[in-house]
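Undergrad: Fold the following and give me the result.
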Amino acid sequence: MHAVLDAILRRFVTIGRLTVWWPDGSRTTYGSDDEPQVAMRLRDTRTVRRLVLNPSLAAGEEYVEGRLVVEDGRLYDLLDVLLASRDDAPTAHPVMRLRERLGALTRRLDQYNPAARSRRNVAHHYDLNGRLYSLFLDRDWQYSCAYFATGDETLEEAQAAKKRHIAAKLCLDRPGLRVLDIGCGWGGMALTLARDFGAHVTGVTLSQEQLQAARARAVAEGLDDRVRFELRDYRAVTEQFDRIVSVGMFEHVGVGHFGEFFNTVARCLKRDGVALVHAIGRSDGPGGTNKWMQKYIFPGGYSPALSEVLPGIERSGLMTTDIEILRLHYAKTLRHWRRRFAANRDAITALYDERFCRMFEFYLAASEITFRRCGHLVWQAQLAHDQTAVPLTRDYVAAAEAMRPVGQVAQAADPLGR
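TA: Down below sits the predicted model:
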């Protein structure tokens, strides 16, 4: 398999330089003298074989288990070299091409997410020790793409700006509006809408850990009379609301359930209401979830192309009143998370172990590069039943943001009292 992987890498590495130390002690260099430059050591022949037969899964697994070792450079550099060359992968790595075709055939099964399975999938990632998230997220525990107006904002400023930007698109023109937050996380968005905009918010989640933290925060801030958090699947919501928001949850719906999601939004949104969905997407058309990410990080997850999303909106009877694409905002967000994770690595190792840290580092680095190199983006879709529910132009968004600078968007109380 040494000769096979060598031949693949000679065709595959087209950007940057990769040096490979083989199990027999020999060394081969691939690519050019351009940046990034990195070296890796493959400790045994099993690792070589797996990188030939199932590279999308094996690269992450072998790194986490310590059989693929970054010798010179950083993990980020290694993934950057490999993912930067991904456009050449179909011809350079025929096994990868075959597996991607098979993945396209099975993706609906992989993303089959009825309520019970959705709850298990959510627990896999979001019911981890809450202390973990406090060590790399911002103080409000926003676990989704921040909004960088200039690119120089701190993580706290950019996450506050994200909430302000979404609130502006929800047209919260009067206090007392009833808002549904689908996939409310640790409650940061719901608490902000209640505290800063006078809304009455119902947040739904499938994570027990998030539910407990969100409820505790509402009580601590004296907002439990205006914010209610529930352990409930979005499909079980039957009430109607003036506004609906969903941030970073749609990626867990699954392509076969897009109709259910938007039918729920249409059913629960009042005729004069406004909804805003913020989610990860892809610019290069329908695809599939990386097998390692699917197995270890987000089972059942998928970031869709807009061409897959819009038909579900259309069939629900909702009107798309605005779509905005955020391109490098998530890459910047992930860079902040990676740096905070690295700064607190010892504390995270104490919570879990070295293997867990390597898994999470692989996830964060690969995700950032995916947004920088591989066509991933964030889209925000504003929806309504009535085309007069929102102003005729986008000017109102900037005007609403100007009335409430980022510094005036209060930060919620820290869940762990940091």
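Undergrad: list the buried ones in stretch 48-67?
TA: Buried residues in stretch 48-67, counted by 16 or more other CB atoms under 10 Å: 48, 50-52, 54-64, 67. Placement of C-beta: from N, CA and C, glycine included.
Undergrad: Can you name the two of the residues you listed that sit furthest apart?
TA: Val52 and Val64 (18.8 Å; CB to CB).
Undergrad: chain center to the strand ranked longest in the chain, what's the gap?
TA: Identified as the longest strand of the chain according to DSSP state E is strand 269-282. Between the centre of strand 269-282 and the centre of its chain there are 17 Å (CA atoms, centre = their mean, to the nearest Å).
Undergrad: Return the set of buried residues in it.
TA: Leu269, Lys270, Gly273, Val274, Ala275, Leu276, Val277, His278, Ala279, Ile280, Gly281, Arg282.
Undergrad: taking these as a set, which two sit the farthest apart in space?
TA: Lys270 and Arg282 (32.0 Å).
Undergrad: which element is Leu334 on?
TA: helix 329-343 (DSSP states H and E).
Undergrad: which helices and strands sit right next to that helix?
TA: helix 155-169, helix 354-373, strand 376-384 (3 or more CB pairs under 8 Å, 6 or more residues apart in numbering; DSSP states H and E).
Undergrad: As JSON lines, those with distance to Asp6 and mean pLDDT would be great.
TA: Converted to JSON lines, the helices and strands packed on helix 329-343 look like this (distance: least, CB to CB, whole Å; pLDDT from 0 to 100):
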{"stretch": "helix 155-169", "distance to Asp6": "42", "mean pLDDT": "98"}
{"stretch": "helix 354-373", "distance to Asp6": "24", "mean pLDDT": "96"}
{"stretch": "strand 376-384", "distance to Asp6": "30", "mean pLDDT": "98"}
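Undergrad: Among the ones you listed, which comes closest to His200?
TA: Closest to His200 of these is helix 155-169 (CB to CB; 14.5 Å).
Undergrad: Kindly confirm whether my reading is correct that Arg43 touches Pro23.
TA: Yes. If you go by CB atoms under 8 Å, Arg43 and Pro23 touch, sitting 6.3 Å apart.
Undergrad: ok, Pro311 - contacts?
TA: Pro311 makes contacts with Phe258, as judged by CB atoms under 8 Å, 6 or more residues apart in numbering.
Undergrad: a helix runs through it, doesn't it?
TA: Yes. Counting by DSSP: H, G, I helix; E, B strand; the rest coil, Pro311 is found in a helix.
Undergrad: how close does Val69 get to Arg358?
TA: 11 Å (CB to CB, to the nearest Å).
Undergrad: so what's in contact with the two at the same time?
TA: With CB under 8 Å, 6+ apart as the test, Val69 and Arg358 both reach Tyr63.
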